[in-house]
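Trainee: Got a sequence here, can you model it:
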Amino acid sequence: MATLTIVAPGHVHLILSHSTDDFYLKIPISIVDSNSVHPLKYLRFLGWCIIGILGTIRSHRADADLVETVPLQDEGTYFYVYDAADDDAALKYAVDPEVIKARSHISASDSSVQARTAAFKESLEQRDASCIFTNAPQLVCQGTHIIPLHKGDEWFDLIVKNRPAADEDKSTLTTVNDQRNGMLLRAELHIVAELRNVVVLKTPNPVLATSDIPPRHTRNCPDDVKYPDGHRYTLQWLHGDSPEQLTQLQALYPNNSDATFRKRTRIPKPSPLLLHYNYGAAAVKWWGHGTSHLGILNRPTMPRPIVPMPAAMGPTRTRRTGADLNVSLKKRAGAAGGSGSGPRDSEARDEQVLDADEVIMFFWSQNPAALERRKQEAEDQKHEQEERASRLEQWRESVMAI
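Mentor: Below you'll find the predicted structure:
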């Protein structure tokens, strides 16, 4: 079926949905070229990371597979084609956008969390020695989780169990604080890694060889660390349109820098399964369109934690009301009944009203546990406001008495 959306200059579209054009990536060619030697193989890698099923790249679904060594066509549209019985089966292993959302039920001031974070960093220091991409000393480094700490062990276990692993024993990969779910990074890198501006590409993998990635940006390394033999853990920037401060960080931490690890240790390195999952989720974050395709509406049997995720922490975000979401859901349902199947301008407008994560959170927010939690939060907030007003009044009285 023909794609109706016009591809912007300097970009390509990669259609990922199985039988429609509803879900796709809009990828800057400059990013593809900077992260790969063979761009079509890189597109195939992205498709595999996101969908979790090996496939091929074609210019149309019914055409032959494209030769992976040919250059990309500017403003071109490509299809990631893979075997699946139906659309439901096609989403069986796909990434869940909720994994990388900055929502947490963990308080940073919680002493038990602080203890776990410190223990996690100490375990990474035994393997990484220093920042694995800069060799900065441990003092200025932080333990960085691949799958975020705030997701907790239940989320982590579901991801691992639901994702196929290529040549990796995942039977003991059961906790979010496992060393294989972490890297020791300099503080600035820790921040941009948590925001998914940067990701780590592990090669070789089922799609890419180490030679499919540009030569590494070499640096002088201490005597106690080395680049791993036959493998690469490569730092890559995905966010292309960067503010000035981020551009400065890109200069400090160059693209295609490879990780080094402590010599003479058998401690397992970062998990390829988790790195690939995170790479795919980050690609969806920056380049995904029609991402509601990955949401709970299309994946009712997708594994989910029993306890609903709580309210967001961090920067304030404009929230949509339940009525807004209902209107958007009805609009989308109406559009789904039409004859078109490609990524449409109307879909782009609808995404301004509704994204996949908000759909998920809307449905979770309607269960009894979530309603009770919100009621308790409202009572706590009211109590806090009353205490603040009381303290202010006491201060005013003390001032007046002087």
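
Trainee: Please count neighbours and contacts with C-alpha atoms only from this point.
Mentor: Noted.

Trainee: Please enumerate the strands of the chain.
Mentor: 11-15, 24-28, 55-58, 77-82, 141-145, 182-186, 198-203, 225-226, 232-237, 257-258, 261-262, 288-289 (DSSP state E).

Trainee: For the third one, name the packing helices and strands.
Mentor: Spelled out, that is strand 55-58. helix 39-51, strand 77-82 (3 or more C-alpha pairs under 8 Å, 6 or more residues apart in numbering; DSSP states H and E).

Trainee: which stretches of this protein form helices?
Mentor: 29-35, 39-51, 87-90, 111-128, 152-162, 187-194, 244-252, 272-287, 322-336, 345-351, 356-364, 368-401 (DSSP state H).

Trainee: what sits up against the third one?
Mentor: Taking contacts as C-alpha atoms under 8 Å, 6 or more residues apart in numbering, the residues outside helix 87-90 that touch it are S17, H18, S19, I51, D83, A84, N298, R299.

Trainee: could you redo the last one with a cut-off of 6 Å?
Mentor: With contacts defined as C-alpha atoms under 6 Å, 6 or more residues apart in numbering, helix 87-90 is touched by H18, A84.

Trainee: ok now it, how far from the chain's centre?
Mentor: Distance of helix 87-90 from the chain centroid (C-alpha atoms, centre = their mean, to the nearest Å) equals 21 Å.

Trainee: how about it: buried residues?
Mentor: A90 (16 or more other C-alpha atoms under 10 Å).

Trainee: and if you look at stretch 18-37?
Mentor: Neighbour-count burial for stretch 18-37 [16+ other C-alpha under 10 Å]: 18, 20-29, 31-37.

Trainee: Out of the strands of the chain, which gets nearest to Q126?
Mentor: strand 261-262 (7.7 Å; C-alpha to C-alpha).

Trainee: other SSEs contacting the closest one?
Mentor: helix 111-128, strand 225-226 (3 or more C-alpha pairs under 6 Å, 6 or more residues apart in numbering; DSSP states H and E).

Trainee: quick one on the thing from earlier: now the helices and strands packed on strand 55-58 in a markdown table, with distance to L124, mean neighbour count and mean pLDDT?
Mentor: A markdown table is the format used below for the helices and strands packed on strand 55-58 (distance: least, C-alpha to C-alpha, whole Å; neighbours: other C-alpha atoms under 10 Å; pLDDT from 0 to 100):
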| stretch | distance to L124 | mean neighbour count | mean pLDDT |
| --- | --- | --- | --- |
| helix 39-51 | 25 | 24 | 97 |
| strand 77-82 | 36 | 24 | 97 |
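
Trainee: Of these, which is nearest N256?
Mentor: Of the helices and strands packed on strand 55-58, the one closest to N256 (C-alpha to C-alpha) turns out to be helix 39-51, at 14.1 Å.

Trainee: neighbours around the closest residue to K92 other than its chain neighbours, how many?
Mentor: Excluding the flanking residues, the one nearest K92 by C-alpha to C-alpha, 6 or more residues apart in numbering is M302, at 7.4 Å. Applying other C-alpha atoms under 10 Å, we find 17 other residues in the vicinity of M302.

Trainee: where does M302 fall, phi/psi-wise?
Mentor: phi -60, psi 130 (degrees, to the nearest 10).

Trainee: distance of it from N162?
Mentor: In this view, M302 and N162 are 9 Å apart by C-alpha to C-alpha, to the nearest Å.

Trainee: likewise R219?
Mentor: As judged by C-alpha to C-alpha, R219 and N162 stand 38 Å apart.

Trainee: wait, isn't D65 in contact with R58?
Mentor: Yes. Using C-alpha atoms under 6 Å, D65 is in contact with R58, at 5.0 Å.

Trainee: between the two, who's got more neighbours?
Mentor: R58 (22 against 16).

Trainee: hang on, isn't the more buried one packed against L72?
Mentor: No. Assessed by C-alpha under 6 Å, R58 is found out of contact with L72, at 11.7 Å.

Trainee: which of the helices of the chain has the lowest average pLDDT?
Mentor: Lowest mean pLDDT within the helices of the chain: helix 345-351, at a mean of 39.

Trainee: one step back: quick check: which of the strands of the chain is nearest to S130?
Mentor: S130 lies closest to strand 182-186 among the strands of the chain, at 6.6 Å (C-alpha to C-alpha).

Trainee: Contacts for that closest one next, please.
Mentor: Under C-alpha under 6 Å, 6+ apart, the answer for strand 182-186 is C131, V140, C141, Q142, G143, T144, H145, I146.

Trainee: what angle separates it from strand 141-145?
Mentor: Relative orientation of strand 182-186 versus strand 141-145 (axes from the mean of the first three to the mean of the last three C-alpha atoms, to 10 degrees): 150 degrees.

Trainee: from now on call the first residue 610
Mentor: Shifting the count to begin at 610 puts that one at strand 791-795.

Trainee: Quick one: mean pLDDT over strand 791-795.
Mentor: So the average pLDDT for strand 791-795 ends up being 97.
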